[in-house]
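[1] got a structure for you, letters missing:
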């Protein structure tokens, strides 16, 4: 089948291609606003095609949409700092483009959309968030992603994922994601200063996210027209527990608790992905795997250029 991946040069997309390209023809649409080299390894593959362009260009989008069977709309301004910096771009790219895709795709075209756990905002009374839990995004990023999810849920042949906080090395590295960021600071500064150290978050390895996309495509009839939380249920943990886990790999790390300042990121939730597990999926990469891999990756890179700021 022919798959269109918008934003395919990014953190998830540039890895996801590797899981799909042997069985499908892949076209990536990306403006290459970050690292233009993440896709070079695929140029020798006969199933790879690339179009440089802005996902907001309707002429390009219309031409590509009409010739593909599966749409993976990954293009986004990801994270609340970047969305605050460019709120208009966040609205256009994260929501309006996806509304257009939902309105213009045919009923036969499949779409797999990555929303975010951020839609839950702050869980009520520490209750576990399932797909039936109310959505209460506390950032512009979360709000635009939830609006896009709603657009796709109103059309046939969709799957929407609510992704946990992703970690692990990738071709287009993200050093601003919490696990990735904590490991980098542990290595370079030997110090983590924790704000709201009791705040809970759910995590998932990048490789498992890629496997999840492939899984729903390969098992479409069993998975279609549903929303799934997509995280590792064994990795619902607070910031202090995360820091202590990292310290087991980097013993020189010092952990400090900030008593007077607050974290502008107030997300705090426990999430269950049992619904997706019941479809037959299981995560295969744990936090120890990811930390070990990140330590090796940061021996190669350490630049903040790899963050979405």
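    Yep, it's here. Being a predicted model, the structure only gives us computed values, none of them experimental.

[2] which residues in the stretch 151-300 of the chain form strands?
    Under the criterion DSSP state E, counting those that start in this stretch, the stretch 151-300 of the chain contains strands at 158-163, 165-167, 191-194, 200-205, 226-230, 236-238, 254-257, 270-271.

[3] same for the second one, what does it pack against?
    It refers to strand 165-167. helix 178-188, strand 200-205, helix 206-218, helix 287-298 (3 or more C-beta pairs under 8 Å, 6 or more residues apart in numbering; DSSP states H and E). For glycine as for every other residue, the C-beta is placed from the backbone atoms N, C-alpha and C.

[4] would you mind getting the angle between the third one and strand 226-230?
    Translated: helix 206-218. Taking axes from the mean of the first three to the mean of the last three C-alpha atoms, to 10 degrees, one finds that helix 206-218 is oriented at 160 degrees with respect to strand 226-230.

[5] will you turn the strands of the stretch 151-300 of the chain into a markdown table that also has distance to residue 86, mean pLDDT and mean neighbour count?
    Below are those laid out as a markdown table (distance: least, C-beta to C-beta, whole Å; pLDDT from 0 to 100; neighbours: other C-beta atoms under 10 Å):
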| stretch | distance to residue 86 | mean pLDDT | mean neighbour count |
| --- | --- | --- | --- |
| strand 158-163 | 21 | 98 | 24 |
| strand 165-167 | 21 | 97 | 25 |
| strand 191-194 | 28 | 94 | 17 |
| strand 200-205 | 24 | 95 | 24 |
| strand 226-230 | 26 | 98 | 23 |
| strand 236-238 | 31 | 95 | 18 |
| strand 254-257 | 33 | 94 | 13 |
| strand 270-271 | 28 | 93 | 24 |
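
[6] if we can go back for a sec, just the helices and strands packed on strand 165-167: most buried one?
    Stretch with highest mean neighbour count among those: strand 200-205 (a mean of 24; mean count of other C-beta atoms under 10 Å).

[7] what packs against it?
    In terms of contacts (3+ C-beta pairs under 8 Å, 6+ apart), strand 200-205 is packed against strand 165-167, helix 178-188, strand 236-238, helix 239-249, strand 270-271, helix 287-298.

[8] tell me the strands beside it, with direction?
    When sheet partners are counted by DSSP bridges, strand 200-205 sits next to strand 165-167 (parallel), strand 236-238 (antiparallel).

[9] in TSV: the ones you listed, plus distance to residue 145.
    Shown next, in TSV, are those (distance: least, C-beta to C-beta, whole Å):
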stretch	distance to residue 145
strand 165-167	13
strand 236-238	20
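
[10] show me what the helix or strand of the chain with the lowest mean pLDDT packs onto, helices and strands only.
    Between all helices and strands in the chain, the lowest mean by mean pLDDT, DSSP states H and E belongs to helix 80-85, at a mean of 89. Under the contact criterion of 3+ C-beta pairs under 8 Å, 6+ apart, helix 80-85 touches helix 140-153.

[11] and residue 88, that one's in a strand?
    No - assigned with DSSP: H, G, I helix; E, B strand; the rest coil, residue 88 falls outside any strand and is helix.

[12] okay, now it: neighbour count?
    9 (other C-beta atoms under 10 Å).

[13] compare the strands paired with strand 200-205 and give me the one nearest residue 151.
    Using C-beta to C-beta as the measure, strand 165-167 is the one of those that comes nearest residue 151, at 22.5 Å.

[14] show me how far that closest one is from its chain's centre.
    7 Å (C-alpha atoms, centre = their mean, to the nearest Å).
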